[in-house]
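J.: below is the sequence, then the predicted model.
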Amino acid sequence: KYDRKNMVAMPNVTFAVYRDGEFLGNFKTDQFGEILLTNVEPGTYRAFEVDTGDEGYILDTTPQEVELHAGDGIKELMFFNDMKPGLKLIKVDSDDPSKVIPNAVFEIKSVEGTYGPQEFRTDENGEIDLSMLPPAGSYVVTEKSCDGYIIDEAQRIIELKPNEDAQFVFTNHVKPSLQLIKLSSDGSRLAGVTFRIARIEDGSHYLDRTTTSNGEILISDLEPGVYSVRELSSVQDHIPDDTEHHVELFPGQTSTITLTNDKRPNLYIHKTDADTGEPIEHTVYLVKGADGHSIAEVETDGNGVAVVENLLPGVVEIIEKSVPEPYLLAEESQMVTLLPNRDRDVYFQNYKRPTIEIIKENSITHDRIENVPFQVWYASNNTATGEYNDLGVFYTDEEGRIVLSDPDLSLRDGWFRVKELEPAPGFALADPDTQEAFIAAGEGPRTPDGKTLPMSVKAGDHILFSKWSGTEVKIDGEPHLIIKEGDILAIVER
């Protein structure tokens, strides 16, 4: 018995031997690969192999016969065995062939249909031993699964031949990965932003992922192709970006897409005393969108500041709803434009309500006169028709004074008329019995160091002023002109 490839004698090979059809027994080759039968009877002898004694060899069951006659001496039967193919299927990484891939599953079946299909899994060395397959045949090899790698869907045909050593190497690309980096407009990483990621080819399947503490999303084991990336929600102080972005993934690569969100603007409303510059707390403001919808209602704090956070860009209107006494409510709202990544400051100044003091005294002794009735009227400081609003009748107190500062009267800067209705006993009506005056809110203009500046004009002065200055009003049918002190060009001395 010989190894056909190397012509080496093969021990421990078992043969069944028959004489004229009678079974004589199983016999094993010795260390020299021989079986010697002596003193046998003449006849027809048949021998065939039943066990190679070594799993590395292919069993050859082809029988051989020899006719023995008396006096023939020794006759030989010579058998040869083929070695099983020394074949391996090896699975490696396409980008790094030194890296083997374990646990890849293959299906193997013979082309003729006499074997399989049978599944095999690569071992820790990325190998499948094919020597156990029936030799001398062609086989179809199909990859079924390979975790983390793109499956090679192509079928391969391999041919196994006795006495041959060979390796079949299969390569796979790592499945691509997608890295998404989310930044704020200042370059810092944004955590907590949620995205929907879908392969465009089969958009019905998607992944919703949220950026980690370092502002990243990393998804591995994806199929190659073009992916849609769309933001579902952002963090509270940033503007959502609903733009659909596309990124293409390639086998064995990590594709990175970096997206940026703009910050929402904050609105700071500052409220101060127009005369002193001191902050005014507890002033309430309504913030509305350009389309009229209410956004927020806020109140100034101890620093005279109200804050509306995380607004969307656009035009907003700020309306003063209420102000603590003794301040006048700001009549005009302010419209401002909010821009991304930029906070906006708005300033309101309020004057204190004017106070009217009426004093009744003896024109000779200047003693104060009590219990004298006066009627008071008010006209707006921007009236065009001169109507007066009756504020009521008031009486001088024991000090001969009337002080009007009650919030219920809603006093504002403007024209006031005061009329003495009847004299005190023993006195005549004042001549004239009616006086008119313009009373401004606040304490007047101030210097940078806080000092009040006195008016530069007084009653009785003759002045020159700009041609188009002032606002014309009528009081009791007589025209009057209200002008700002700054519009006075000169005081004429006479």
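T.: The structure has been received and is ready for your questions.

J.: next SSE after the lowest-mean-pLDDT helix or strand in the chain?
T.: Sorting the helices and strands of the chain by mean pLDDT, DSSP states H and E puts strand 471-475 at the bottom, at a mean of 67. Counting by DSSP states H and E, the element after strand 471-475 in chain order, helix or strand, is strand 478-482.

J.: leaving out sequence neighbours, find the closest residue to Ser333.
T.: Ile319 (4.3 Å; CB to CB, 6 or more residues apart in numbering). To be clear about C-beta, it is placed using only N, CA and C from the backbone, and glycine gets the same treatment.

J.: list the contacts of the one you found.
T.: If you count contacts by CB atoms under 8 Å, 6 or more residues apart in numbering, Ile319 has them with Tyr285, Leu286, Val287, Lys288, Ser333.

J.: wasn't the second one part of a strand?
T.: Yes. Under the criterion used here (DSSP: H, G, I helix; E, B strand; the rest coil), Leu286 sits inside a strand.

J.: wait, isn't it in contact with Gly292?
T.: No. Applying CB atoms under 8 Å, one finds Leu286 not in contact with Gly292, separated by 11.2 Å.

J.: those two - which one has more neighbours?
T.: Shown here are Leu286 and Gly292; by other CB atoms under 10 Å, Leu286 has more neighbours (16 against 7).

J.: Val105: neighbour count?
T.: With neighbours defined by other CB under 10 Å, the count for Val105 comes to 17.

J.: bridging residues for it?
T.: Arg121, Ser145 (DSSP bridges).

J.: that one is in contact with Cys146, isn't it?
T.: Yes. Counting by CB under 8 Å, Cys146 is a contact partner of Val105 at 7.4 Å.

J.: low pLDDT regions in the stretch 1-150 of the chain?
T.: Along the stretch 1-150 of the chain, the parts satisfying pLDDT under 70 run over 85-86, 135-136.

J.: separation between Lys161 and Leu133?
T.: According to CB to CB, to the nearest Å, Lys161 stands 12 Å off from Leu133.

J.: okay, those two: which has more neighbours?
T.: More crowded of Lys161 and Leu133, by other CB under 10 Å: Leu133, with 21 against 12.

J.: isn't the more buried one right up against Lys109?
T.: No. Applying CB under 8 Å as the test, Leu133 and Lys109 come out as separate, 10.2 Å apart.

J.: the inter-axis angle of the host helix or strand of Tyr378 versus strand 478-482?
T.: Taking DSSP H and E as the criterion, Tyr378 maps to strand 373-380. Relative orientation of strand 373-380 versus strand 478-482 (axes from the mean of the first three to the mean of the last three CA atoms, to 10 degrees): 60 degrees.

J.: so how far is strand 373-380 off the chain centroid?
T.: Mean C-alpha position of strand 373-380 versus that of the full chain (CA atoms, centre = their mean, to the nearest Å) differs by 63 Å.

J.: what of stretch 10-23?
T.: The answer for stretch 10-23 is 81 Å, by CA atoms, centre = their mean.

J.: swap in stretch 416-432?
T.: 76 Å.

J.: swap in stretch 9-17?
T.: Average the C-alpha atoms of stretch 9-17, do the same for its chain, and the two points are 76 Å apart (CA atoms, centre = their mean).

J.: what's the answer for stretch 32-46, then?
T.: 89 Å.

J.: how about the helices in the chain?
T.: Counting by DSSP state H, one finds no helices in the chain.

J.: quick one, phi psi at the residue positioned nearest the centre of it?
T.: Nearest residue to the geometric centre of the chain (CA atoms, centre = their mean): Val193, 2.6 Å. Main-chain dihedrals, Val193, degrees, to the nearest 10: phi -100, psi 130.

J.: am I right that it is in contact with Ser234?
T.: Yes. Contact criterion CB under 8 Å: Val193 and Ser234 qualify, at 5.1 Å.

J.: what touches both of those two?
T.: Asn261.

J.: got a list of what Asp242 touches?
T.: Counting by CB under 8 Å, 6+ apart, Asp242 has contacts Arg230, Glu231.

J.: can you give me the strands in the stretch 101-250 of the chain?
T.: Counting by DSSP state E, counting those that start in this stretch, the stretch 101-250 of the chain has strands at residues 105-110, 118-121, 127-129, 137-145, 156-160, 165-172, 177-184, 194-199, 206-210, 216-219, 225-233, 244-249.

J.: the strand holding Tyr378 packs against which elements?
T.: In this structure, strand 373-380 makes packing contacts with strand 356-359, strand 389-395, strand 414-420, judged by 3 or more CB pairs under 8 Å, 6 or more residues apart in numbering; DSSP states H and E.

J.: okay, the angle between that strand and strand 414-420?
T.: 160 degrees.

J.: coming back round to it: tell me the confidence at the residue nearest to Ser333?
T.: You'll see Ile319 listed with a pLDDT of 95.

J.: in the sheet, who's paired with it?
T.: Under DSSP bridges, the beta-bridge partners of Ile319 are Leu286.

J.: ok, Asp397 - contacts?
T.: Counting by CB under 8 Å, 6+ apart, Asp397 touches Glu370.

J.: and if you look at Val403?
T.: Applying CB under 8 Å, 6+ apart, one finds that Val403 lies in contact with Thr355, Ile356, Glu357, Ile358.

J.: contacting residues around Ala430?
T.: By CB under 8 Å, 6+ apart, the residues touching Ala430 are Glu420, Pro423.

J.: Ile358 versus that one, what's the distance?
T.: The spacing between Ala430 and Ile358, counted by CB to CB, is 11 Å.

J.: got it, and Val287?
T.: From Val287 over to Ile358 (counting by CB to CB), the distance is 41 Å.

J.: neighbour count: the two, which is higher?
T.: Using other CB under 10 Å, the more surrounded residue of Val287 and Ile358 is Val287, with 21 against 18.

J.: I figured that one hits Glu309, correct?
T.: No. If you go by CB under 8 Å, Val287 and Glu309 don't touch, sitting 11.2 Å apart.

J.: now for these two: what residues contact both?
T.: Shared contacts of Val287 and Glu309, defined by CB under 8 Å, 6+ apart, are absent.

J.: re earlier: closest to Pro313 among the contacts of Ile319?
T.: Using CB to CB, the shortest approach to Pro313 within those belongs to Val287, at 14.1 Å.

J.: what subset of the contacts of Val403 is buried?
T.: By neighbour count, with 16 or more other CB atoms under 10 Å, those hold Ile356, Ile358 as buried.

J.: columns distance to Ile483 on top of the contacts of Val403, output as CSV?
T.: Listed next are these as CSV, based on distance: CB to CB, whole Å:
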residue, distance to Ile483
Thr355, 23
Ile356, 22
Glu357, 25
Ile358, 26
